[in-house]
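J.: Got a predicted structure here, sequence first:
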Amino acid sequence: MKRLFRRQTEKAGLPPGSLVYTGYKSAEKVKIKLIRYNESDYSEYDIENVGELESFKNTEGIKWVNITGLHQVDIFESFEKMFGIHLLTLEDVLNVNQRPKFDDYDNYLFVVLRMLSFNKGTNEIDNEQLSLIVTKEFVFTFQEKEGDVLDNLRNRIKNNKNRIRRLGTDYLAYSIIDTVIDHYFYLLEQIGEKIEALEEKMVKEPEDGNVEEIHKLKTNLILVRKSSWPVREMVDNILQSESELLSDATYNYYRDVYDHVIQIIDIIETYREMVAAVMDIYLSSLSNRMNQVMKVLTIIATIFIPLTFIAGIYGMNFRYMPELEHPYGYPIVLFVMLVIGLFMLYYFRKKRWL
Amino acid sequence: MKRLFRRQTEKAGLPPGSLVYTGYKSAEKVKIKLIRYNESDYSEYDIENVGELESFKNTEGIKWVNITGLHQVDIFESFEKMFGIHLLTLEDVLNVNQRPKFDDYDNYLFVVLRMLSFNKGTNEIDNEQLSLIVTKEFVFTFQEKEGDVLDNLRNRIKNNKNRIRRLGTDYLAYSIIDTVIDHYFYLLEQIGEKIEALEEKMVKEPEDGNVEEIHKLKTNLILVRKSSWPVREMVDNILQSESELLSDATYNYYRDVYDHVIQIIDIIETYREMVAAVMDIYLSSLSNRMNQVMKVLTIIATIFIPLTFIAGIYGMNFRYMPELEHPYGYPIVLFVMLVIGLFMLYYFRKKRWL
Amino acid sequence: MKRLFRRQTEKAGLPPGSLVYTGYKSAEKVKIKLIRYNESDYSEYDIENVGELESFKNTEGIKWVNITGLHQVDIFESFEKMFGIHLLTLEDVLNVNQRPKFDDYDNYLFVVLRMLSFNKGTNEIDNEQLSLIVTKEFVFTFQEKEGDVLDNLRNRIKNNKNRIRRLGTDYLAYSIIDTVIDHYFYLLEQIGEKIEALEEKMVKEPEDGNVEEIHKLKTNLILVRKSSWPVREMVDNILQSESELLSDATYNYYRDVYDHVIQIIDIIETYREMVAAVMDIYLSSLSNRMNQVMKVLTIIATIFIPLTFIAGIYGMNFRYMPELEHPYGYPIVLFVMLVIGLFMLYYFRKKRWL
Amino acid sequence: MKRLFRRQTEKAGLPPGSLVYTGYKSAEKVKIKLIRYNESDYSEYDIENVGELESFKNTEGIKWVNITGLHQVDIFESFEKMFGIHLLTLEDVLNVNQRPKFDDYDNYLFVVLRMLSFNKGTNEIDNEQLSLIVTKEFVFTFQEKEGDVLDNLRNRIKNNKNRIRRLGTDYLAYSIIDTVIDHYFYLLEQIGEKIEALEEKMVKEPEDGNVEEIHKLKTNLILVRKSSWPVREMVDNILQSESELLSDATYNYYRDVYDHVIQIIDIIETYREMVAAVMDIYLSSLSNRMNQVMKVLTIIATIFIPLTFIAGIYGMNFRYMPELEHPYGYPIVLFVMLVIGLFMLYYFRKKRWL
Amino acid sequence: MKRLFRRQTEKAGLPPGSLVYTGYKSAEKVKIKLIRYNESDYSEYDIENVGELESFKNTEGIKWVNITGLHQVDIFESFEKMFGIHLLTLEDVLNVNQRPKFDDYDNYLFVVLRMLSFNKGTNEIDNEQLSLIVTKEFVFTFQEKEGDVLDNLRNRIKNNKNRIRRLGTDYLAYSIIDTVIDHYFYLLEQIGEKIEALEEKMVKEPEDGNVEEIHKLKTNLILVRKSSWPVREMVDNILQSESELLSDATYNYYRDVYDHVIQIIDIIETYREMVAAVMDIYLSSLSNRMNQVMKVLTIIATIFIPLTFIAGIYGMNFRYMPELEHPYGYPIVLFVMLVIGLFMLYYFRKKRWL
């Protein structure tokens, strides 16, 4: 099983606000991409040096800065000075085992999300932290590894000149959150299909490998649940926030996200019940099969053990055994055996064992 | 099992407000039926072209427009212009996997319901989304497929000149919601009868096919539950809404619906307990049967194995075995065997195995 | 099992306020009994015709009208005109599958209760709806069948000149509710005794019939629970009601009923846990018995199968088997068999199987 | 099992405020003990006649009146006149199956507690009702049987001149409640020790008697839980009460009791989980033992059944069986049997059955 | 299992505020260590006599007094006089079985925590109470035994001149609480690793010892849960406290602790589910193995029992058995046996038992 919670030990005992990256170390360079757009223009930049970001301050348009790779801790220290981001926030960005949350600072909003995606290589769920910092003119997104579920969104910004190009950073933040959450539906759909496949198979012919499959489904559901339950609270906090960074225009959109999260939680709970029901089928089918095996054994043994006993009797070497001398002794015994066997079969049929 | 949640993947990544139909595609034409009535008059119209609806605006009477078939997305776009329906609402109408909800827009009310009916052909529960848009003079109902549970209601409107013909769109909306919810009682009754039949059968003679039946009942209950739990919240929201579209006169009727939903939830929870209890009976009867099989095997084996052993001893070919020469050796051995067998039977009777 | 929920289907699709009786039809005539009393006088009347009730209006004293039998629907229609009872109330009176509730109309109070009593004939719980309508001078009680738990109360009114004869209809209503609820204690006591009897039997010698008994206890508890949970909410609503029909003097008495209901719910939950515990004992005793059976089989088989094998060897007909010729071959083999048998017994004793 | 709920049937149908004792009848005389103390003096009185209590009214000092035995109902009727105790209160005092509660009357406070103590004779938990009536100068305690957990407290009052001798009836009431509740810790400790002992035994060698022990622990926990859950609410009500009979000085002490009750509930819930865990161990160990038994049977049977078959073949009496004539036939067959047996053993070892 | 709750019996019946130590008695001397620091200075003192503490009152700097060992009760009595600590507080310090709580007295704050650490010697979790008393210039910490998780914190104070050296006792208290809570992550990580190891092992090859391991994990989770659930409430109380001893500057830090506690509770609940899932795997694998064993037995028995019967027949000693005389009797019988055996194998393969 992929580990649900990664090492946090190295952090214990350090003062709060210490910037320590708790994810997988990587040798690759941190990549910083900046997208700048307004209603009419759109441009992309590859930032080599964090310092370059400063020159974009107070320029026109919405700036979306995506930082991939969190292992170069020194890069993040400059955010405090350049954009007034609190050290506690940066600590949370780097501590990639956070549960989803929303913090409202005066000059910026901070959102933590879990980005779940199905990794077809390992056949497991990739579970990455996506942190957002939303200021008046910037949206910063932080992720650990290359590759995310946001490419559709990027294309929409690039090709589409309507709503998203007109509205502010709060709408961009909404779009990112919504896209990440929408991807949960995709994951749940795949889990749902597996549950249904398993269900069908189970009813027909249960196999030993099924426990593992059920267990994997359970663990995946635990993971998605762990990632989406706190999102409900988080979006609720956004809806109740009175930050100036959130315009009235986006309120309805965040309410829509809220609806989606409720629906996701709903589906998860239903799936959990269904997995439990599948487990029940599995267990009762195990008992059933055992019954089946026992019956076969019992039928065979119960028919032949008495017959073998009779054969054993006439195999004894006593000198005086009158039946042995009888000319029809052998056929009579065979006939008696046949009768006993048939009676047994009749008895089992009556008991509905056959 | 019929799928609980249908594909939603195609929607992921699209901007909010995109009209995408997520249900089963159909080649049939979308059917639009309009019923117009007031206290004295009643008339029905088949609308060929959506545009015709515009001519009914600001005419006398309550207009109930029923749209069957949601696959022609372009039809719905005209609702935005003609009646001022928000794109997010229309998106929800077309996304037919919504959980029940109530949204209060300024100029209209939006209600989503699950219409459940027992399909006698497939022996399964049909689960269709019914969306209502209620304006001052129109009630729009949207459904995916032909056939619904509302025919009684239509007849009542047609033949009956009392209350329903006097009151407004809010009462019509109430009548539709009430009829859909009332149909849940019918479904639950059928489920309840199956539970009781299964219960009785289970106590008498449990069979292997029963797990599947129990499982199907469970899944059906999950479906009805999923459809009715959110209705409680929905009706509560209606009761607390201060929309001008809801008159005081209908308040008591919505409270009545609320009572019904509570009762439905009550019944579902009771049925869930009963199904769990039936499962318990099933499992313990499995164990019981296994016990039975084991006992038969044990009784037979325990009686005959020692006897066969004795027969085996006197079947040995040693040259010097004095018993074999004894003139009464054979009857004595037979008698000893009889005694052992009877003692075994006595022992099993004492142990209450017989 | 007696059906928990009776047919409600016939009602689906009818307009609200339709008077339809949903209980068991009966050919007997509806019986109307009126008791009139005040501090000094007491008299009983058998009412033949509903219309007669009108003449009691505005006469002195508290009037308790008990209607037995609900199948003559036309009788109830006159209540609307005579006493100003809302059609929705009368609909609820006739729809005898209501859950307990309290409705506060301006001119009267409406209470629905479940009257549970142990039917010694069928050995099942009779579950009847008792509806109360309380006006300033009347208390109407409606029940389906002859026979109730209120005879003690009637005698108290008849023979006792203190409190109940001095106070108003609200106190009479309280007395009726209290008596019905108090009867639940009696039922629970009987259930409790059965649980304890079963518990004791189970620990000593579990039998196959027990599952049915446990199941019946469970179903009975579900029924009592379904009937008493909503009563808590109902009494709470009465306590918080500001109706003029409820005097301050009876407030403490209703609080007392509330205490009783809480206690009943408490007992039910405890019983549910105890029944679950008894089921656990049953299941583990099943496993235990299976273990016992298996051990006997294993001991017998494990001792005699090897011995039989040895006997089989010396039963072979090879020409050259030196042991067979040996003068002490037979006793030596018997001795070896004895040693093997004793060793097996020692082994089983060590394993604590004997 | 000791009955959790005693007969209440005799009460059903009686008017509220009827004094009926629902506990065990006893022939002994009711004992009334009075302790009077203030900061300087302390004296004890045995009251023969209830009427004598009146003479203590309006005398100096705190008076603690302990009444043992509730079967002489007439005694209690005089409390109404002498001290203005409401009949409903006295009814609750005599109805000894109350759940813990706190009622605030104007001139007195009424508290019901369950006094639990471990009866070493019967090895069961004694469950007695202790009712307190607290007025400005009196504390009345009512108990059914001789013997309680309050002797330590009595000694403290007698020998100790500090706090308890200085403060009022509310502090005395607190001390009584606190002592009763503290005794629950003692009970829980004994239950806890049994759980741990059982746990250890279970892991080492599970036995058949264990189910009964687990069941008894469960029932005891249900009893303690039933007695302490309502205490939390009761103490909470005391803390929120604005009765003049409660001085500010004792507020902190009642808060302390609240803390204790929370801790007791905590421990109970933990114990319930532990008992459930022990049950799980028991059940899985049953399965495990069955596996063990089955393996032994299977190993023996699987090794010897084929060998016995071979022996059976060469025990056949066909005239033409060339192997039988072969001079090395016998040793060859023995060798083949040995090889088969060893192969079987190897197979079982590989399967880790040995 | 290490006992979850230690003896509290000795306390029952004593007056509140009695100082009684309920932990393990020790012969060692109580150790008192004082650390005094401000932004510029840092010094450590070993206090021999409690009285010496008085001389530090009203001196400059934050004083952290750590008391190790609680068995010398007289030492604690002087705290009442010297620092105005309430006797009830000191009673709680010595009663080392408290659940975590926060009490706000006027002149000081009182915090109880459970300090959990993994004892590598006994392979169990050490569960010690850490009490904090926070005044304007002192932080007192009380622990039972030498050794704690706070050494990192001490080093930080010693070597680090930033934040912690500048802020007050409330920040020091926060740092201690945070460090203790952070250690729970470490514990959970170790538990998590064990769960995953067990999970993997279980899927591959379940063994008998696993129940004990699962049981131990469960018990450990119960312990951590018991220790951290009340912390949530405790920190919440701190956040809502309006004590002057808590400066605004530390509010955010306590909110951070709250986040951590929520995350810990989250992880615990997830682990509990995972342990339950592992138990499920274990139980179903037990059943599976039993099935396996049964199948082997059944296959062997079902093949050879009929064959042995045939051999038995031709081992009978009847004088007239024509087959025995037949020259090809023996090979024909062998061939028939082979056919029966092969048919059986084919049957089992078809049934998928092989």
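T.: Perfect, thanks for sending it.
J.: What about A:E124, how many residues nearby?
T.: 15 (other C-beta atoms under 10 Å in any protein chain shown). C-beta: built from backbone N, CA, C; applies to glycine.
J.: got it, and A:L132?
T.: Counted with other C-beta under 10 Å, A:L132 comes out at 22.
J.: That one looks like it's in a strand, true?
T.: Yes - counting by DSSP: H, G, I helix; E, B strand; the rest coil, A:L132 is found in a strand.
J.: The closest residue to it other than its chain neighbours: what's it in contact with?
T.: Leaving aside its sequence neighbours, A:L132 sits nearest to A:V111 (C-beta to C-beta, 6 or more residues apart in numbering or on different chains; 4.2 Å). Contact partners of A:V111, counting by C-beta atoms under 8 Å, 6 or more residues apart in numbering or on different chains, are A:100-103, A:131-134, A:173, A:177, A:234, A:238.
J.: I'd like to know how far whatever residue of the stretch 201-350 of chain A ends up closest to chain E sits from E:Y330.
T.: Here the residue of the stretch 201-350 of chain A nearest chain E is A:A311; by C-beta to the nearest C-beta that distance is 3.2 Å. A:A311 sits 17 Å away from E:Y330, going by C-beta to C-beta, to the nearest Å.
J.: if we can go back for a sec, in a strand, that's where the residue nearest to A:L132 is, yeah?
T.: Yes - when classified by three-state DSSP, A:V111 is found to be part of a strand.
J.: re the thing from before, A:A311 and E:Y330: which has the busier surroundings?
T.: With neighbours defined as other C-beta under 10 Å, A:A311 and E:Y330 compare such that A:A311 has more, 26 against 21.
J.: The more buried one belongs to a helix?
T.: Yes - per three-state DSSP, A:A311 lies within a helix segment.
J.: Can you give me the neighbour number for the closest residue to it other than its chain neighbours?
T.: In space, and not counting its chain neighbours, A:A311 is closest to E:G312: 3.2 Å by C-beta to C-beta, 6+ apart. The tally of other residues near E:G312 (other C-beta under 10 Å) stands at 30.
J.: Now do the same contact list for E:G312.
T.: For E:G312, counting by C-beta under 8 Å, 6+ apart, the contacting residues are A:307-308, A:311-312, A:315, D:312.
J.: swap in A:H86?
T.: A:80, A:105.
J.: For the stretch 101-250 of chain A, which segments count as strands?
T.: With DSSP state E, counting those that start in this stretch as the definition, the stretch 101-250 of chain A shows strands at residue ranges A:101-104, A:109-119, A:124-134, A:138-143.
J.: what's the most buried one of those strands?
T.: Among these, strand A:138-143 has the highest mean neighbour count (mean count of other C-beta atoms under 10 Å in any protein chain shown), at a mean of 22.
J.: Partner strands of it and their direction?
T.: Sheet pairing of strand A:138-143 (DSSP bridges) gives strand A:62-68 (parallel), strand A:124-134 (antiparallel).
J.: Is it possible to get a markdown table of these that adds mean pLDDT?
T.: Shown next, in a markdown table, are these (pLDDT from 0 to 100):
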| stretch | mean pLDDT |
| --- | --- |
| strand A:62-68 | 92 |
| strand A:124-134 | 89 |
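J.: Pipe the ones you listed into TSV and attach distance to C:N58 per row.
T.: Output for those, formatted as TSV (distance: least, C-beta to C-beta, whole Å):
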stretch	distance to C:N58
strand A:62-68	78
strand A:124-134	73
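J.: same for the least confident helix or strand in chain A by mean pLDDT, what does it pack against?
T.: Across the helices and strands of chain A, the lowest-confidence element by mean pLDDT, DSSP states H and E is helix A:163-166, at a mean of 80. The contact analysis (3 or more C-beta pairs under 8 Å, 6 or more residues apart in numbering or on different chains; DSSP states H and E) places helix A:163-166 against helix A:151-159, helix A:169-204.
J.: again, 7 Å this time
T.: Using 3 or more C-beta pairs under 7 Å, 6 or more residues apart in numbering or on different chains; DSSP states H and E, the elements in contact with helix A:163-166 are helix A:151-159.
J.: What lies in contact with the helix it packs on?
T.: For helix A:151-159, contacts defined as C-beta atoms under 7 Å, 6 or more residues apart in numbering or on different chains pick out A:35, A:37, A:42, A:164-165, A:175-176, A:179, B:13, B:15.
J.: Just the buried ones among the residues you listed, please.
T.: A:35, A:37, A:42, A:164-165, A:175-176, A:179, B:13 (16 or more other C-beta atoms under 10 Å in any protein chain shown).
J.: ok, so of the residues you listed, who is nearest A:L19?
T.: A:I176 (23.4 Å; C-beta to C-beta).
J.: OK, contacts around that closest one?
T.: Residues counted as contacts of A:I176 (C-beta under 7 Å, 6+ apart) are A:132, A:141, A:150, A:153.
J.: What pLDDT does the model give it?
T.: At A:I176, the pLDDT value in this model is 92.
J.: For the stretch 201-350 of chain A, which residues are neighbours of chain D?
T.: A:G315 (C-beta under 7 Å from any C-beta of the partner chain).
J.: And the residue of the stretch 201-350 of chain A that's closest to chain C?
T.: Closest point on the stretch 201-350 of chain A to chain C, by C-beta to the nearest C-beta, is A:G315, at 6.9 Å.
J.: thought that residue was touching E:M321?
T.: No - between A:G315 and E:M321 there is no contact under C-beta atoms under 7 Å: 11.6 Å.
J.: Between the two, tell me which one has more neighbours.
T.: Ranked by neighbour count (other C-beta under 10 Å), A:G315 and E:M321 place A:G315 first, with 27 against 22.
J.: Distance of that one relative to C:I300?
T.: Look at A:G315 and C:I300: by C-beta to C-beta, they are 21 Å apart.
J.: residues contacting the residue nearest the centre of chain A?
T.: Residue closest to the average C-alpha location in chain A (C-alpha atoms, centre = their mean): A:N220, at 3.1 Å. Counting by C-beta under 7 Å, 6+ apart, A:N220 makes contact with A:125, A:191.
J.: From D:K201, how far out is it?
T.: 39 Å.
J.: same check, this time on A:M344
T.: 44 Å.
J.: Compare these two (neighbour count), which wins?
T.: Taking other C-beta under 10 Å, A:M344 and D:K201 do not tie; A:M344 has more neighbours (17 against 14).
J.: Which residue is the nearest non-sequential neighbour of the more buried one?
T.: Using C-beta to C-beta, 6+ apart, the closest residue to A:M344 is A:I303 (4.7 Å).
J.: Neighbours of the one you found, how many?
T.: 23.
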